[in-house]
Structures are given as structure tokens and as C-alpha cells.
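Engineer: sequence unknown, structure follows:
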């Protein structure tokens, strides 16, 4: 059945692996840069740096947060280096654009990525004009989802009413604080239907189809 989203007037989207499919490989490019950065900063071997990178991601929400907490890394320098990758693997998506365009109200991006990178990805997808704003990691004082601070800053800055907001995200644990605020949560990933999390309201492997078929306020 189509999801009933007639109560929603603010549409909040994660960026990476949500607004474009993970198989395009963009995050693989970013992840490689992260490993190189961690190895350079710590003197660890590639494999050790990769393991530390992943551990910080799981413990802190982003590798950056871990590097800031334990190694005093300058976040602006980190963002500039690890997200300086080509985004040519992302394909323009006019069908997604049409699905987004039918949504009433406001559309926002909420990402743990940097602002300049986010704009490049949105421009590549061809959907940048459809969004009112991007709430990026710089706007969150480099404190990432799923930390409550990130959600609080985003809600405050953009005047979001959580109970009238739907949040689309590929990382399950980032939906928990959104649900706690009263947002409608949508898990977007190829294996979304396998999720059993009580804080996930809807699950889809195809964002465009989900948005195209959702029941919305006319």
C-alpha cells in the first residue's frame, strides 16, 4: 500500500546513498580518501587506518568526529581533503526530480557531509533547485547525526515542526533520534524491508517510486 504522508509539509532527506543509489560508488571514493587521511595523521598502516576509520564511524557517527576527539584534527581541513573527489559517477536523475517536485511544502537536505560537496552532488543529480536549504556538517558545529545536538540545531535553524516532517535516510540508527522527535521515518536502502526497528515507519528500496506513489496533501 502507498504510504500515507498527507500530514507532511517538510521533507527532509539525507544525501549520500539516499538521494542517489549506493551502487554508483561515490562513497567508496570518499572512504578511500578517509583511509588515506587517517593513515597520514596517525602513521598507521593502510589496514590499521581502515579499521580505525570504521571504528570511529560506529562509535562517533562519523570518522571525522573520532579524529577530532582523539587526534585534534582540524575539521575544515579534513572535509576539504576527504570530500575532494569526482562526483561524475552520480547520474542526473530527472525521474527523482519529478517525484520530489510533486511534494507539497518544503524540501531540505540533512547531511553529515560538507556543504560544498553536498552542493556538487545535488547539482550533478540535477535537483539542487528543488531544495530550500542544505543543513551540512559545518552548520552542526561538526557534530553529526545521530547526535541529538545535530537534530536540535537543524530543527531550530530551519523552523522544522517534527510531527509534520518526514525524514528519509539510508543509515538506520540515524532514524532513531528523528522518531524520538516525532518525525515520520523512512529507511531507504536496498535491504530496507529486512529492518525490524520499531522507530522505522516506512521502508523502501526505491526512493523515486516511494515518493511517486505516496499519498500526499493535494
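Structural biologist: Structure received. Small disclaimer: the values here were computed from a predicted structure and weren't measured. Residues are numbered from 1 along each chain as shown.
Engineer: what's the separation between the residue of the chain most remote from its centre and residue 215?
Structural biologist: Relative to the mean C-alpha coordinate of the chain, counting by Cα atoms, centre = their mean, the farthest residue is residue 43 (29.8 Å). Distance from residue 43 to residue 215, counting by Cβ to Cβ, to the nearest Å: 55 Å. C-beta coordinates here come from the backbone N, C-alpha and C atoms, glycine included.
Engineer: let me see the backbone angles for the closest residue to residue 145 other than its chain neighbours.
Structural biologist: Excluding its sequence neighbours, the residue lying closest to residue 145 (Cβ to Cβ, 6 or more residues apart in numbering) is residue 174, at 4.5 Å. The main-chain torsion angles of residue 174 are listed as degrees, to the nearest 10 and equal phi -70, psi -10.
Engineer: could you report the separation of residue 174 from residue 112?
Structural biologist: Distance, residue 174 to residue 112, by Cβ to Cβ: 9 Å.
Engineer: who has more neighbours, those two?
Structural biologist: When residue 174 is set against residue 112 and neighbours are counted by other Cβ atoms under 10 Å, the residue ahead is residue 112, at 26 against 23.
Engineer: my guess is the more buried one meets residue 146, correct?
Structural biologist: No: in this structure residue 112 lies outside contact range of residue 146 using Cβ atoms under 8 Å: 9.6 Å.
Engineer: how about the helices in the protein?
Structural biologist: In the chain, helices defined by DSSP state H lie at 26-42, 46-60, 63-71, 75-82, 94-101, 115-125, 148-158, 175-181, 207-213, listed in chain order.
Engineer: which elements pack onto the fifth one?
Structural biologist: Read it as helix 94-101. helix 207-213 (3 or more Cβ pairs under 8 Å, 6 or more residues apart in numbering; DSSP states H and E).
Engineer: try the last one
Structural biologist: For helix 207-213, the contact count by 3+ Cβ pairs under 8 Å, 6+ apart identifies helix 94-101, strand 184-188 as packing neighbours.
Engineer: hmm, back to that, joint contacts of residue 112 and residue 146?
Structural biologist: Taking Cβ atoms under 8 Å, 6 or more residues apart in numbering as the contact rule, residue 112 and residue 146 both touch residue 61.
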